[in-house]
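Trainee: how would this look folded up:
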Amino acid sequence: LLSMMALKERLRLALLRLQPFTGTDNIYIARGGFWTSVSFVVSTLVSAGITLAFANFLSKEAFGTYRYAQSLFGALSFLTFTGINTAVTQMIAEGHLTIVSYSIRLQIKYNIAFTLATLSLALYFWINQNATLAYSLGIAAIGFPIITTFNTYGAVLAGRKQFPTSALYGSLSTIFLGAVLIGTLASTNYVPLIMLAYCVGNALPTLYFYRKTLATLPPQTSTSQERQSLWSYARHISLINVFSTLSQYADKIILFHYFGAVQLATYAIAQAIPERIRGFSKNINNIILPKVASRSIGEIQKIFYTRVLQAFGIGLLISGLYILAAPLIFHTFLPQYIDSLRYSQVLSLSLALTMPGGYVASVFYGKKLVKTIYLSSVSAHISRILLFWILGKQFGVWGLIGASLSVHSIGMLYNFYLWNAEARRQSSS
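Mentor: Reported below is the predicted structural model:
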């Protein structure tokens, strides 16, 4: 026990000595980053198992159809008040612990629109004699709002900086989902049943951990000022997220429409590992956001470009390592999807841009720069949707990859311009 305590103290002192060089609160980052890394490793292993199950148990046609159904209801998920969790994290970080119940009531109210829209789309496919998509969307219309509403517990834990608890709950949820999905895939190739497994596997642990998190919060009701603040900020973020949500799924919908389910399956496998790595960077942003929220614009400006360069270097390193490792991964575990290899390697180049982009987004959201967020997000996602449509329908997978890399590059430069403009405005006011 003493040797372990001595080791921890040495590590703490080493991190403190490095702070003048990194310019960060290394103790805070290490604590949050460690637990985020634990959760990431668990979710990566489970996601790898799920990907292998899809690749080995489902035909490309069935897998492509499943991803198309996910993309359709995913594109409609902008109706689920998507900005609420960001707003909750920000308010919890400021000490407004009583806002959670109100946020749930808001989501239940507004998620009805998603359910009605998705059921309408399911009816459309039923009339057009596509029972597979009709049943799948009908299931998602009920299950998905439950997941998106009660996963607010994660925003609460992030705002309270309870990273060990967040990592534990996230890991257990991922393991449960993996067990349900892999068990279902081993038993059936019927897409609606797989969709049901997805919804149940997500909803049950989400409800359970929401109740556990809620029990740790004070019983008092929120004030009208807190409710107004949450509503106002969450509404702005949700409006911004309309375009980001549509652009997140536009590529898959376009690819299925013009090239079919098999090409979509190939593209989905190519995205799997780069997207998983990108998910880790989003978790890191959850650590950064509460810290950024407590700093002034002037303090952030002093370290802004240093952080961007650090994130770019990390992203470039990860991308390079993945490009080297990808051939072994695909030849060993995904030989039936070997045609996805080159796509996946090129897609990973976006990590060098999405990681610094995540830091910039954390700054914008943490400081509630609503106008800046609007300009950054709306322009980027409209451009992304247009390029997906123009290049995707013409060149298929390569067109979608080219569109994605182009938007990331141009968007980063535009974000620098927006940040400099905001920093100048703040300093002169």
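Trainee: Just list the residues touching Thr266, thanks.
Mentor: 60, 337, 339-340, 343, 397 (CB atoms under 8 Å, 6 or more residues apart in numbering). Where C-beta positions appear, they are placed from N, C-alpha and C, glycine not excepted.
Trainee: again, only this time at 6 Å
Mentor: 339-340 (CB atoms under 6 Å, 6 or more residues apart in numbering).
Trainee: ok, so what distance separates it from Ile273?
Mentor: From Thr266 over to Ile273 the distance is 14 Å, taken as CB to CB, to the nearest Å.
Trainee: Tally up the residues packed near Lys212, please.
Mentor: A count of neighbours around Lys212, defined by other CB atoms under 10 Å, yields 11.
Trainee: buried sites along the host helix or strand of it?
Mentor: Using DSSP states H and E, Lys212 sits within helix 191-214. Residues of helix 191-214 classed as buried: 191-206, 208-210, 213-214 (neighbour count, 16 or more other CB atoms under 10 Å).
Trainee: what's the answer for stretch 154-170, then?
Mentor: 154-163, 165-170.
Trainee: got the end-to-end distance for that stretch?
Mentor: Chord length of stretch 154-170, first to last residue, is 8 Å (CA to CA, to the nearest Å).
Trainee: same question for it, mean pLDDT?
Mentor: The average pLDDT within stretch 154-170 is 88.
Trainee: One more: stretch 251-267?
Mentor: Rounded mean pLDDT across stretch 251-267 is 96.
Trainee: For that stretch, what is the distance to the chain centroid?
Mentor: Taking CA atoms, centre = their mean, to the nearest Å, one finds the center of stretch 251-267 at 21 Å from the center of the full chain.
Trainee: before we move on, what about stretch 144-156?
Mentor: Using CA atoms, centre = their mean, the offset of stretch 144-156 from its chain centre is 13 Å.
Trainee: and the end-to-end length of that stretch?
Mentor: Termini of stretch 144-156 sit 20 Å apart (CA to CA).
Trainee: again, but for stretch 80-98
Mentor: End residues of stretch 80-98 are separated by 22 Å (CA to CA).
Trainee: Low-confidence ranges, this protein, go.
Mentor: 1-37, 280-294, 429 (pLDDT under 70).
Trainee: could you redo the last one with a cut-off of 50?
Mentor: Residues of the chain that meet the criterion pLDDT under 50 lie in 1-2, 4-5, 15-16, 18, 20-30, 32.
Trainee: right, and Ser103 touches Ile84 too?
Mentor: Yes. Using CB atoms under 6 Å, Ser103 is in contact with Ile84, at 5.4 Å.
Trainee: what secondary structure does the residue nearest to Thr245 when sequence neighbours are not counted sit in?
Mentor: Nearest residue to Thr245 in three dimensions, chain neighbours excluded: Phe78, at 4.0 Å (CB to CB, 6 or more residues apart in numbering). At Phe78 the chain is in helix, as set by DSSP: H, G, I helix; E, B strand; the rest coil.
Trainee: quick thing: my sequence starts at 88, can you match it?
Mentor: Understood, numbering begins at 88; the last thing we discussed is Phe165.
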